[in-house]
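1. Here's a sequence, model it:
(one chain, ligands or ions: 1)
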Amino acid sequence: MISRRRFLQLSGMTAVGLMIPKRLEGMPCDPSTADLMGLGPYWEPDSPYRSILASPEEPGTRLFISGVVTANDCHTPITNVIIDAWHADDEGCYSVFETCDTGNPESDEFNLRGRVLSGPHGQYFIETIKPGPYPLGLDRFRPSHIHFMMTPPAGEPLITQLYFEGDDYLDEDTGSSDPGAVDRIIPLNETENGMEGIFDIKLDIDPDQKAINVNYPISGNRIQNIATYPNPFNSHIEIQFDLTKPSHVLVSVYDITGRWVQTITNKFFSKGRHSFLWNGNASFGETVPSGEYFIHIQTANEYQLKSITFLK
Ligand SMILES: [Fe+2]
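-> Next up is the predicted model:
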């Protein structure tokens, strides 16, 4: 379980968004860096959406990582960033690519892998176990690390790694000894439930840049035949599309400036046609002003946009 202190921090952010430290206007801040080791050989696409990557029986020390995803002012939160995390087990073994001893159910081929979305205030949380170092041969080890791929609703993913203070192998590792990795070596605090650390992510996105890129949808073939009716709409709009494969789908509404307005659905769907309603309400319940909005439909590897018009 997450500690009470951290829970209060996260729930405070969720309720009113006051817990994100305000920076002075115009103060620069350094964006989070990519890791020099790149993607590495053990990334696997299509891992499940879940915040708990390790079952209670998984061997190792429980680890709780939370943080906030912001733009490059270190203040403006970015919502709906896909945070894809994967790591070795406590003996340095990677699922999918290797046969590992695991406490997770045998049927879970994505052991110690998962994706979460950043919330309305950019916040995210994962629970897992602390990965073990793994040998590179010749008495060399990679330090304990978690791989991350952070994909904002528009723009390039940040592919990076998280390390932990006090690790014996930090100095000899190409990734962790890079001066640019300093902000990604975090302290862990011991709690009654395990170790806890904070990893805030600053994407290299200007705060006033549109959160979605309306001109360049990333095409794939999972989402097809999008229909919206009636459009323009007054009380409700129906959004329909076909899924050509079972997929996790996120359907959101953005305003004309690219700001996130509302999430309509965020879950796994079967193949086939699906239908949703939106009543013109924003995330905190108020009705949005009349105008043009975008329906943003996203799966693992693509997103599609549909322009709609709300007339009060
Ligand atoms: Fe790795």
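2. who touches Cys93 in this structure?
-> By CB atoms under 8 Å, 6 or more residues apart in numbering, Cys93 lies in contact with Thr99, Cys100, Asp101, Tyr134. For every residue, glycine as well, the C-beta is placed using N, CA and C.
3. what about the helices in the chain?
-> Shown for the chain, the helices assigned by DSSP state H span residues 4-16.
4. Any regions of the stretch 101-250 of the chain where pLDDT drops low?
-> Applying pLDDT under 70 to the stretch 101-250 of the chain picks out residues 155, 210-219.
5. Strands along that one, start to end?
-> Counting by DSSP state E, counting those that start in this stretch, the stretch 101-250 of the chain has strands at residues 113-117, 123-129, 134-137, 140-142, 145-151, 158-164, 185-186, 189-191, 194-198, 201-202, 223-229, 237-243, 247-255.
6. in its sheet, what does the longest one sit against?
-> I take that to be strand 247-255. strand 260-269 (antiparallel), strand 291-299 (antiparallel) (DSSP bridges).
7. Tell me how far the last one lies from the chain's centre.
-> On the basis of CA atoms, centre = their mean, to the nearest Å, strand 291-299 is displaced by 19 Å from the centre of the chain it belongs to.
8. model confidence over it, on average?
-> The pLDDT scores in strand 291-299 average 91.
9. can you give me the angle that strand makes with strand 145-151?
-> 140 degrees (axes from the mean of the first three to the mean of the last three CA atoms, to 10 degrees).
10. between strand 291-299 and strand 113-117, how big is the angle?
-> 170 degrees.
11. same question, the longest one
-> Going by the same axes, to 10 degrees, strand 260-269 is angled at 150 degrees with respect to strand 113-117.
12. CA atoms of strand 260-269 as PDB?
-> Extracted in PDB, the C-alpha atoms of strand 260-269 (Å, rounded to 0.1, in the frame of the first residue of the first chain):
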ATOM      1  CA  TRP A 260      -7.600  18.300 -22.200                       C
ATOM      2  CA  VAL A 261     -11.200  18.700 -21.300                       C
ATOM      3  CA  GLN A 262     -12.600  15.300 -20.400                       C
ATOM      4  CA  THR A 263     -11.900  11.500 -20.600                       C
ATOM      5  CA  ILE A 264     -14.900   9.600 -22.000                       C
ATOM      6  CA  THR A 265     -13.500   6.100 -21.600                       C
ATOM      7  CA  ASN A 266     -10.200   4.400 -20.700                       C
ATOM      8  CA  LYS A 267     -10.400   0.600 -20.800                       C
ATOM      9  CA  PHE A 268     -10.000  -2.600 -22.700                       C
ATOM     10  CA  PHE A 269     -12.500  -3.300 -25.500                       C
END
